[in-house]
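Novice: Structure for the following, please:
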Amino acid sequence: MSDLPIAPRLDSRTALIIVDMQEGFLRDDAAMARLGFNLGLLREALSPCVRLLEAARQTEALVVFTRYVYKPDYSDGSIMIELNPGLKSEGALKAGDWEVEVSPALAPREGEAIIDKSKPSAFYGTDMDSVLEKNGIERVIVCGITTNCCVESTVRDASHRDYQTWLVTDAVAESSRDRHDYAIQCMTMLFARGTTVDEVCSASA
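Specialist: Numbers count the residues shown, from 1 in each chain. Okay, the predicted model is just below:
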């Protein structure tokens, strides 16, 4: 049994990291839909993420949004583009395009951090570490999409940096149920404490 509490209190030492809840992963006219992603499954994370955001905004917790953003020429895509050339040919998640914007349901407010990245982990090649350190963050709560790619990469890297890490299992989503379930199993074995939206909200009530 984990020594971590079921859920942390949302306070000044806690960050809510909302991973890649962008129009490109949520709208049916986006490139990801044309590439065959099941965006209906991904949208299941939207309402739970809204609830977490609303709860965090009522406290002193740090809110951090991440966005997957490629350069217009995809020169920062490296192996991801080589493995998935459709991302480039369909113009997915390109800087300056509407697809990179956070869903209006989660519209960032002034003062809330936005971390742009071109790799799955929100820590790789970004200033995430400095943002968390500057704000004295000891604990992170992670939600968003996709469960087995950017969420899992971010959770693993947070754990490797010795942040106490929670994964909100009903506020993450993947375009495949199998990948979603297996990723949660892997993350909660070694890298994060699994929790729920209700448990996070109750811990901070």
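Novice: which helix in the protein runs the most residues?
Specialist: helix 177-190 (DSSP state H).
Novice: tell me which residues in the worst-scoring helix or strand of the chain on mean pLDDT are buried?
Specialist: In the chain, the helix or strand scored least confidently by mean pLDDT, DSSP states H and E is helix 78-83, which has a mean of 91. Under the neighbour-count criterion of 16 or more other Cβ atoms under 10 Å, helix 78-83 has 80-81 buried. Bear in mind the C-beta positions are built from the backbone N, C-alpha and C, glycine included.
Novice: After the longest helix of the chain, which helix or strand is next?
Specialist: Using DSSP states H and E, the helix or strand that follows helix 177-190 towards the C-terminus is strand 193-195.
Novice: From the chain's centre, how far out is that next one? Work that out for me.
Specialist: Relative to its chain's centre, strand 193-195 lies at 15 Å (Cα atoms, centre = their mean, to the nearest Å).
Novice: Tell me which other helices or strands that strand touches.
Specialist: Applying 3 or more Cβ pairs under 8 Å, 6 or more residues apart in numbering; DSSP states H and E, we find strand 193-195 packed against strand 164-173, helix 177-190.
Novice: For this protein, which residues score under the pLDDT cut-off?
Specialist: Residues of the chain that meet the criterion pLDDT under 70 lie in 1-2.
Novice: try it again with 50
Specialist: For the chain, residues meeting the criterion pLDDT under 50 lie at 1.
Novice: What segments of it are strands?
Specialist: 14-19, 62-68, 113-117, 139-145, 164-173, 193-195 (DSSP state E).
Novice: Give me the contacts around the shortest one.
Specialist: Same thing as strand 193-195. 2, 4-7, 141, 164-169, 184, 187-188 (Cβ atoms under 8 Å, 6 or more residues apart in numbering).
Novice: Quickly run through the sheet partners of that strand, with directions.
Specialist: Next to strand 193-195 in the sheet, as set by DSSP bridges, lie strand 164-173 (parallel).
Novice: so the strand it pairs with versus strand 139-145, what angle?
Specialist: On the basis of axes from the mean of the first three to the mean of the last three Cα atoms, to 10 degrees, strand 164-173 is oriented at 20 degrees to strand 139-145.
Novice: now the angle from strand 164-173 to helix 177-190?
Specialist: In terms of direction (the same axes, to 10 degrees), strand 164-173 departs from helix 177-190 by 170 degrees.
Novice: List the contacts of strand 164-173.
Specialist: Under Cβ under 8 Å, 6+ apart, the answer for strand 164-173 is 4, 7-8, 19, 41-45, 48-49, 51-52, 138-147, 151, 155, 158-159, 180, 184, 187-188, 191-197, 200.
Novice: Would you mind listing the buried residues in the longest helix of the chain?
Specialist: Quick answer for helix 177-190 (16+ other Cβ under 10 Å): 180, 183-184, 186-188.
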